[in-house]
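A.B. asks: Below: sequence and its predicted model.
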Amino acid sequence: MQRGLRQALSALIVGLSPAVAVPLLAQDTPEGPAFRSQIAVVQQDQLFARTLYGKAVQARIEAARQSLQSENQRIEAGLEEEERALTLRRPTMTPADFRKLADAFDSKVEGIRTAQEAKGRAVARQAEEDRQRFFQTAYPVLARLMAEIGAVALMDKSDIIISLEAIDVTDRAVARIDSALGDGSATEAPAESPAPEAPAAPGQPEQ
C-alpha cells in the first residue's frame, strides 16, 4: 500500500533544495488561516483508511477474502466427510483396492489445495492492484492541493524524522479526495477479483 503513494508522491518532488524546507503561513482570510508551505506531508495509510474511495476498496478486498475463506471451509468440510466415508469402507475392501482409492483421494486433495492457493494469490494480487489504483487515481487531487498551498514537494509523513504539524495536510487531502472521487464508483471500475470456482462435490467426478 505504501509503495503506491510513495511512487506517486515521488513524481511531485520538484527541484527540492534547502531553501524550500521552511513552511510559510500567509495572512488570515475570511475562511480561516491561508496555509502556504513549500513542503507538505500526508499520512498515506490514513488516505486509504479514511476516504470513501479507500473504504470502498477495502470493503471489496475484505469481501473477496471472506468469500474465498468461506469456500475453503466448505471444501474442507466436504473432504472430511469424504475421508470418513472412505475410512468406513476400509474393512470391506482388500488392501490393494483401498490403497487405490486412498491414493486417488490424496491426489484430489492436493489438486484442490493447489487450486485454492492459486485463488488466494490472485485475491492478494488484486488487492494490491486495487490499492495501487486508488493512489494513482488520487494523484491529481493531491497535485491540485499542492498547487493550492504552494508546495513543491509532498512527502509521506513516515519518511520524515520531525516536522511541524502545520505541514500535515492529511485531513485536507481526505476531504479533497472524498469531494473529487467519492467512493470511486465514477472512476474506471477495477477488475473483478476472480470468482471462486466450486470443486465437484465429494464423490462426484470433476468437470
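C.D. replies: Arrived safely.
A.B. asks: Report the central residue of this protein.
C.D. replies: Centroid-nearest residue in the chain, with CA atoms, centre = their mean: residue 127, separated by 3.8 Å.
A.B. asks: Beta-bridge partners for the closest residue to residue 173 other than its chain neighbours, please?
C.D. replies: Among residues not flanking residue 173 along the chain, residue 42 sits closest, at 5.1 Å (CB to CB, 6 or more residues apart in numbering). In this view, the C-beta of every residue, glycine as well, is placed from N, C-alpha and C. Taking DSSP bridges as the rule, residue 42 bridges to residue 156.
A.B. asks: where's residue 42 relative to residue 165, distance?
C.D. replies: Computed as CB to CB, to the nearest Å, the residue 42 to residue 165 distance reads 13 Å.
A.B. asks: which residues do these two both contact?
C.D. replies: Here residue 42 and residue 165 have no joint contacts, going by CB atoms under 8 Å, 6 or more residues apart in numbering.
A.B. asks: still on that earlier bit, which SSE is the residue nearest to the centre of the chain in?
C.D. replies: Element membership of residue 127, judged by DSSP states H and E, is helix 95-149.
A.B. asks: Now that helix: average pLDDT?
C.D. replies: Mean pLDDT, computed over helix 95-149, is 95.
A.B. asks: follow-up on the earlier one: next up, the contacts around the residue nearest to the centre of the chain.
C.D. replies: With CB under 8 Å, 6+ apart, residue 127 has these contacts: 61, 64, 65.
A.B. asks: Same drill for residue 42 and residue 165, tell me which one is more crowded.
C.D. replies: When residue 42 and residue 165 are compared for neighbours, residue 42 comes out ahead with 24 against 6, by other CB atoms under 10 Å.
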